[in-house]
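In: Give me the fold of what follows.
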Amino acid sequence: MSKSAATKATKYGSSSALSQPSIKFFIGQIISRASTYNNSPSQYLQLHCRSNQEKVNVRCVWLQGDLLQWQDDGDTLLLDDGTGVAKICQIKRILNSQRMPVGSYVMAVGELLQIDNNKVTIRALKIVNLSTDPESMTIWLYETIDLHQTVFKLY
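Out: Alright, predicted model coming up:
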């Protein structure tokens, strides 16, 4: 990227987490990559595009799962998708005191803050309670499996 293109990208906000695409993952996929980073905390995942083998660094992830627990601070929740547990933090600024009940089926999109052994931490950018949509879990499972079998491969 040229210096002027980089300046424009920064000017228009494309270097921010919100301007990055969020990629669907199972939490276990992210945890499995911790060893790739020699157990040092990482803030991105590297994918290969299957069609052209281009490397893509991913900072924003899209997770779905059951709200397992609210932390005492009320600003952090634990999300369990059946493959692992992720800590979703800085939620208050998004939910405006509208806490979802434990057990709710939740979509969480956020910036990857840390990957280390058995722990994924993301800073929430969007949280949605999907409990009223009974098909959302099934659709999510198939879409995520398809995405990683046909489009991306973890590096």
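In: biggest helix in the protein by residues?
Out: helix 136-150 (DSSP state H).
In: Alpha carbons of it, as PDB, please.
Out: Provided in PDB are the C-alpha atoms of helix 136-150 (Å, rounded to 0.1, in the frame of the first residue of the first chain):
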ATOM      1  CA  SER A 136     -30.300 -19.100  14.000                       C
ATOM      2  CA  MET A 137     -28.200 -21.800  15.700                       C
ATOM      3  CA  THR A 138     -28.700 -24.400  12.900                       C
ATOM      4  CA  ILE A 139     -28.000 -21.800  10.200                       C
ATOM      5  CA  TRP A 140     -24.900 -20.600  12.100                       C
ATOM      6  CA  LEU A 141     -23.500 -24.100  12.400                       C
ATOM      7  CA  TYR A 142     -23.900 -24.800   8.600                       C
ATOM      8  CA  GLU A 143     -22.600 -21.400   7.500                       C
ATOM      9  CA  THR A 144     -19.500 -21.500   9.700                       C
ATOM     10  CA  ILE A 145     -18.600 -25.100   8.600                       C
ATOM     11  CA  ASP A 146     -19.200 -24.100   5.000                       C
ATOM     12  CA  LEU A 147     -17.100 -21.000   5.200                       C
ATOM     13  CA  HIS A 148     -14.100 -22.800   6.600                       C
ATOM     14  CA  GLN A 149     -14.400 -25.800   4.200                       C
ATOM     15  CA  THR A 150     -14.800 -23.800   1.000                       C
END
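In: can you give me how far it is from the chain middle?
Out: 14 Å (C-alpha atoms, centre = their mean, to the nearest Å).
In: again with stretch 105-124
Out: 5 Å.
In: Please name the residues that touch the residue nearest the centre of the chain.
Out: For the chain, the residue sitting closest to the mean C-alpha position, by C-alpha atoms, centre = their mean, is residue 61 at 2.3 Å. Counting by C-beta atoms under 8 Å, 6 or more residues apart in numbering, residue 61 touches 22, 23, 24, 25, 30, 45, 109, 110, 112, 122. For the C-beta atoms, the positions are set from N, CA and C on the backbone; glycine is no exception.
In: hang on, the fifth one packs against residue 83?
Out: No: at 9.1 Å, residue 30 and residue 83 do not qualify as touching, with contact defined as C-beta atoms under 8 Å.
In: When those two are compared, which one has more neighbours?
Out: For the pair residue 30 and residue 83, the greater number of neighbours falls to residue 30 (23 against 15), based on other C-beta atoms under 10 Å.
In: I'd guess the more buried one is in a helix, am I close?
Out: Yes: per DSSP: H, G, I helix; E, B strand; the rest coil, residue 30 lies within a helix segment.
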